[in-house]
Structures are given as structure tokens and as C-alpha cells.
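*Asks:* Kindly generate the corresponding structure for this input.
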Amino acid sequence: MNRARAELANNNFDAPDPVRSFSIVDFSTDGRYLLLERTGTDSWRNNTFRDVDIAVLNVQAATPPRWINTWDLMHWAECNATVETRGFDKDGKPVVRVRPSVWHQNAKRDCVTEPELWAVDLTRTTAIRLPDDTLLSPAGKTKGVDWVTCKNDPDIVAACSTVHGRLSIYNGSLSLRIWRVGTDRMLGVPSETAPENVSKLWGTDPFGTEIYGDFEVCPFAKPKPGEMQMVCVESASHLLAKPR
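*Replies:* Numbering: from 1, shown residues only. The predicted model follows:
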């Protein structure tokens, strides 16, 4: 880390992109390279999807970094995924973690079926699947977090808020749904994002139980009239379970 800072102090170079903001994800162990990430949006059939580009900046060179879209690196086409840049591996290759997307009403198929780690070669535009238990030792403090969280999920599109509602289980996709009390709005909740204190209240008859309370929800998509909005639940309080 200190060596990387020294290299940055001794060299002048233009910002990778003066228009689009970017994040420094990691330093290489020798302090010569920075792993960069920038995010944007891509439109397809009137829906908006999160897009991720990555680049490696040589702090000893005056040349600008070459940005490459992660969909191109993974050789994906017309499919959804959530991508998070994790850092450099022991061989100096950038590593990304991918998982099925949770965007509202996926119009495209999912690129992957479960979370996966991949090491990518930006020069050859190739990627190699890594074992799920691969340990990364970032030289810097990465900005990424585990996806089991809600508020820090990279797919969140707006600030979280607290709603008073009724959480119930339904048949079909997005079986967990929150009805906002006093409105006609319904929020869809991926089951893996339900807090533990909520899960404990289901008992032996989850389909026959409704849970009222205050739910801190974070949106995966912007609200649209007549459509169920997808959210995750960061926390839940003042809970009361009732027979359905």
C-alpha cells in the first residue's frame, strides 16, 4: 500500500475518464498497478440494467488504462448478472464475483445460476473459473462486501426506507411479499434476503402465518405503476405474527 502511494506521488497521469466516476478496488502486491471499476446502466427493451467495466492502471506509465466491459470478458450475450470486482489474485489477475441478477422482472435469462468467482485476463479478454473456496488477500482495502447483505448489495438503485407492512408467503415467483398497510402497493422480496428474526416467526406453518411490522427495505428497481417492486429487507422491528 505504501509503495503504491509513493508511485502515485511520483507520477502524474490523466484521470482514466474525466466524465464517468470510477472506484479503486485494489492495489497489486508490488504497488505498480491499480484495479479500477466503473459502473453504468444499459437499456434493453425499455428496462435499465447495471453495467460494470474494469481496467488496470500502471502507475509507472503515462498511458491511460483500457476499460473492458465484464460482459465481454465473460463472453455473455443478452443475459442478466450482478458483477462485483473483488481484487487481484496471487498471480496478479483481476477477480470478479458474479451471481444471478435480482433486477425487477428479468426480461433476459440469467448468465449464471449461482455465485461464482472468475479470474480475468484483460489482455486476452478471457476468464477462468476459480474454486468457490478461493481466498483473496487484497493489498488494499476493497470496497466490495458479501452479497448476503442487503443495504450494500451492488444492485440497490436508491436509498433504503422503512415501511409498515404485512409480510406473507405466496405461491409463484417471489414468494415473499410485503403489503404496505394502507396502500395497494406490493413489494417482492427474494427469500434469501429475509432477516433471521423474521424467519424465526414462521413457525411450522409459514403459509398460514402473516407477519406485521416495520421493515427497512432497499429497492432493486424503481417503482412503476401497476408493477410489484423488488426489494431486499435490511432489518425488521416491532414484529407481530398472526394466523393468516
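*Asks:* Need the per-residue pLDDT for Pro94.
*Replies:* Per-residue confidence for Pro94 comes out at a pLDDT of 93.
*Asks:* no, scratch that, I was asking about Trp44
*Replies:* As summarised for this prediction, Trp44 has a pLDDT of 55.
*Asks:* List the contacts of the closest residue in space to Met74 that isn't next to it in sequence.
*Replies:* Nearest-residue entry for Met74: Ala127, 5.5 Å, with adjacent residues in sequence omitted and distances by C-beta to C-beta, 6 or more residues apart in numbering. Backbone N, C-alpha and C define where each C-beta goes, glycine included. Contacts for Ala127 were tallied using C-beta atoms under 8 Å, 6 or more residues apart in numbering; they are Leu73, Met74, His75, Val96, Trp118, Ala119, Val120, Asp121.
*Asks:* switch the cut-off to 7 Å
*Replies:* Contacts here follow C-beta atoms under 7 Å, 6 or more residues apart in numbering; on that basis Ala127 touches Leu73, Met74, Trp118, Ala119, Val120.
*Asks:* Of those, just the buried ones, PyMOL syntax please.
*Replies:* Written as a PyMOL command, the selection of buried residues from the contacts of Ala127, which uses 16 or more other C-beta atoms under 10 Å, is:
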select buried, resi 73+74+118+119+120
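*Asks:* avg pLDDT for the longest strand that the chain contains?
*Replies:* Taking residue count as the measure and DSSP state E as the definition, the longest strand of the chain comes out as strand 229-243. In this model, strand 229-243 has a mean pLDDT of 88.
*Asks:* what's it packed up against?
*Replies:* Using 3 or more C-beta pairs under 7 Å, 6 or more residues apart in numbering; DSSP states H and E as the contact criterion, the elements in contact with strand 229-243 are strand 186-189, helix 196-199, strand 209-219.
*Asks:* Report the beta-bridge partners for the residue nearest to Met74.
*Replies:* Partner residues in beta bridges with Ala127, using DSSP bridges, are Val120.
*Asks:* With Arg177 instead?
*Replies:* When bridges are assigned using DSSP bridges, the partners listed for Arg177 are Ser168, Gly188.
*Asks:* thinking it is in contact with Tyr170, fair?
*Replies:* Yes. With contact defined as C-beta atoms under 7 Å, Arg177 counts as touching Tyr170 (5.6 Å).
*Asks:* How about stretch 71-82, which residues are buried there?
*Replies:* Residues of stretch 71-82 classed as buried under the neighbour-count rule (16+ other C-beta under 10 Å) are Trp71, Leu73, Met74, Trp76, Asn80, Ala81, Thr82.
*Asks:* roughly how far is it from the heart of the chain?
*Replies:* With C-alpha atoms, centre = their mean, to the nearest Å as the basis, the distance from the averaged C-alpha position of stretch 71-82 to the chain average is 15 Å.
*Asks:* next one: stretch 235-243
*Replies:* For stretch 235-243, the separation from the chain centroid amounts to 27 Å (computed by C-alpha atoms, centre = their mean).
*Asks:* In CSV, list the C-alpha atoms belonging to it.
*Replies:* Backbone C-alpha positions of stretch 235-243 (Å, rounded to 0.1, in the frame of the first residue of the first chain) are rendered in CSV as follows:
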residue,chain,number,x,y,z
SER,A,235,-33.9,-5.2,9.1
ALA,A,236,-37.3,-5.7,10.7
SER,A,237,-38.7,-4.5,14.0
HIS,A,238,-41.9,-4.3,16.0
LEU,A,239,-42.9,-7.7,14.6
LEU,A,240,-46.2,-9.5,15.3
ALA,A,241,-47.1,-12.9,13.8
LYS,A,242,-50.8,-13.6,13.2
PRO,A,243,-52.7,-16.6,11.7
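*Asks:* Many thanks, have a good one.
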